[in-house]
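Chemist: one predicted model, sequence on top.
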Amino acid sequence: LVVLSLLAWGFSFPVETIGSRFGGIPQGLPVFELPAFSWETVRLLVTPTLTIALLGAIESLLCARVADQLATDPHHKKHDPNQELMAQGAANMIVPFFGGMPATGTIARTVTNIRSGATSPVAGMVHAATLAVIVLVGAPMALHIPLAVLAGILLFVAWNMGEWHEFARLKHFSNHYRLLMLSTFFLTVVFDLTVAVEVGLFMACALFVRRMSGLFRAERQPDVAPPQPTDLAAQPPSAPVHPVATWRLHGALFFGAAAKIDPIIQAVETGPPGMDVELDACELVALDTTGLDALEQILKAVAARGGRLSVVHLHEQPRSLIERSGFADRLAAQGGSGVDV
């Protein structure tokens with residue numbers, strides 16, 4: 001940086017510099033100033049503020065995680081996410097009063113620090129102090145730094161932080177993971193980390209929903225004939241025994257998998273009248289309101305045919321939702337317990 005800047009200045013190379021492009025760097029520390037306040041401004045800034053806060057938190061935590069992975073010091077202390085976000089939030093609440101903008105932890109400077117041997121948070125303080133010295137002392141000299149030199153330094157830093165050997169590991173993962181990783185990588189390079197995180201999170205959520213919905217299934221269990229008394233003459237007359245159909249639920253019954261309940265409803269509607277249905281939820285790990293609506297549809301179909309529905313072997317989360325929603329009471333109103341944990 002120093003040598004090339006001196007060469008460009010000494011030989012008057014026709015290149016753009018910080019001074020020619022931006023007009024210079026302010027020399028001096030910013031002063032405290034209360035920003036103008038109006039409800040109209042607050043209304044306009046609510047949505048951007050929440051977006052910036054969310055993306056800032058994600059980027060800072062991602063940066064801290066990368067730092068933990070790159071650190072080789074055996075005494076390195078892993079970051080505390082709560083402490084990281086509290087410190088960043090406090091700083092971003094104060095800096096606007098001095099003319100600053102919201103900031104996050106940045107991967108480029110963090111990786112550069114670690115590659116240079118940084119092992120503690122003191123490195124960040126040294127970085128801030130160095131920038132302060134440049135602003136106070138070196139601002140006139142920084143005007144002559146060619147932008148091409150800064151671009152070369154950024155390319156060098158980007159190459160060092162690329163972790164290119166990690167691409168060889170992609171062959172061990174699924175196509176979905178490769179698509180997610182490569183898409184996020186190229187969006188980071190072509191646009192910026194903010195766009196890459198937004199799109200990457202959306203893709204990750206979509207792939208997660210697809211994967212979870214693929215894991216859910218409802219298996220029809222073999223029908224068990226009701227026990228028949230050996231001495232029919234000795235038995236008092238009783239109500240006829242209803243046939244029972246049992247399905248075992250596996251996975252998570254949520255909005256992405258609710259359609260897989262339709263075969264149960266079809267089997268009830270085409271089955272014999274008065275058929276009871278038992279849902280074995282011993283493998284059902286999660287249930288949401290859409291899944292609960294699907295169970296409601298089964299209950300309506302069973303009741304319309306004169307049968308009863310029971311849900312047995314529930315785990316804590318599905319059982320809690322069924323009880324809080326009142327669905328357990330509707331099951332019990334059929335004449336039996338309806339729900340069995």
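Modeler: It's in. Residues are numbered from 1 along each chain as shown.

Chemist: what kind of secondary structure is L7 in?
Modeler: The three-state assignment at L7 reads helix, by DSSP: H, G, I helix; E, B strand; the rest coil.

Chemist: what is the burial count for the residue lying closest to it once chain neighbours are set aside?
Modeler: Excluding the flanking residues, the one nearest L7 by Cβ to Cβ, 6 or more residues apart in numbering is F13, at 7.3 Å. The C-beta positions use only the backbone N, C-alpha and C, and glycine is treated the same way. F13 has 12 neighbouring residues, counting by other Cβ atoms under 10 Å.

Chemist: please apply the same query to M212.
Modeler: Applying other Cβ under 10 Å, we find 16 residues neighbouring M212.

Chemist: do A303 as well
Modeler: 15.

Chemist: helices or strands up against the strand or helix carrying it?
Modeler: Using DSSP states H and E, A303 falls within helix 289-304. Secondary-structure packing of helix 289-304 (3 or more Cβ pairs under 8 Å, 6 or more residues apart in numbering; DSSP states H and E): strand 244-253, helix 262-270, strand 276-287, strand 309-312, helix 316-325, helix 327-332.

Chemist: in it, which residues are buried?
Modeler: For helix 289-304, the neighbour count (16 or more other Cβ atoms under 10 Å) marks G291, L292, A294, L295, I298, L299, A301, V302 as buried.

Chemist: and for stretch 212-224?
Modeler: Neighbour-count burial for stretch 212-224, counted by 16+ other Cβ under 10 Å, picks out M212, S213, F216, A218.

Chemist: quick one, what contacts the first one?
Modeler: If I follow you right, that is M212. Shown in contact with M212 (Cβ atoms under 8 Å, 6 or more residues apart in numbering): G251, A252, F254, G256, A257.

Chemist: quick one: low-confidence residue ranges for the protein.
Modeler: For the chain, the stretches with pLDDT under 70 are 24-25, 27, 73-76, 224-241, 335-341.

Chemist: point to the residue nearest the middle of it.
Modeler: L201 (5.8 Å; Cα atoms, centre = their mean).

Chemist: restrict the strand or helix carrying it to CA atoms and write it as PDB.
Modeler: Using DSSP H and E, L201 maps to helix 193-215. This file holds the C-alpha atoms of helix 193-215, laid out as PDB (Å, rounded to 0.1, in the frame of the first residue of the first chain):
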ATOM      1  CA  LEU A 193     -23.400 -10.600   2.000                       C
ATOM      2  CA  THR A 194     -26.800  -9.000   2.800                       C
ATOM      3  CA  VAL A 195     -28.400 -10.300  -0.400                       C
ATOM      4  CA  ALA A 196     -26.700 -13.700   0.000                       C
ATOM      5  CA  VAL A 197     -28.000 -14.100   3.500                       C
ATOM      6  CA  GLU A 198     -31.600 -13.100   2.600                       C
ATOM      7  CA  VAL A 199     -31.800 -15.500  -0.400                       C
ATOM      8  CA  GLY A 200     -29.800 -18.200   1.500                       C
ATOM      9  CA  LEU A 201     -32.200 -18.100   4.400                       C
ATOM     10  CA  PHE A 202     -35.200 -18.300   2.100                       C
ATOM     11  CA  MET A 203     -33.700 -21.200   0.200                       C
ATOM     12  CA  ALA A 204     -32.700 -23.000   3.400                       C
ATOM     13  CA  CYS A 205     -36.300 -22.600   4.800                       C
ATOM     14  CA  ALA A 206     -37.800 -23.900   1.600                       C
ATOM     15  CA  LEU A 207     -35.400 -26.900   1.500                       C
ATOM     16  CA  PHE A 208     -36.100 -27.600   5.200                       C
ATOM     17  CA  VAL A 209     -39.800 -27.600   4.600                       C
ATOM     18  CA  ARG A 210     -39.400 -30.000   1.600                       C
ATOM     19  CA  ARG A 211     -37.200 -32.300   3.600                       C
ATOM     20  CA  MET A 212     -39.400 -32.400   6.700                       C
ATOM     21  CA  SER A 213     -42.500 -33.000   4.600                       C
ATOM     22  CA  GLY A 214     -40.800 -35.800   2.800                       C
ATOM     23  CA  LEU A 215     -40.100 -37.500   6.200                       C
END
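
Chemist: ok, back up a step: just say helix, strand or coil for the residue nearest to L7.
Modeler: In three-state terms, and counting by three-state DSSP, F13 is coil.

Chemist: from V135, how far out is it?
Modeler: For F13, the distance to V135 (Cβ to Cβ, to the nearest Å) stands at 25 Å.

Chemist: and A108, what does it touch?
Modeler: L154, V157, A158, M161.
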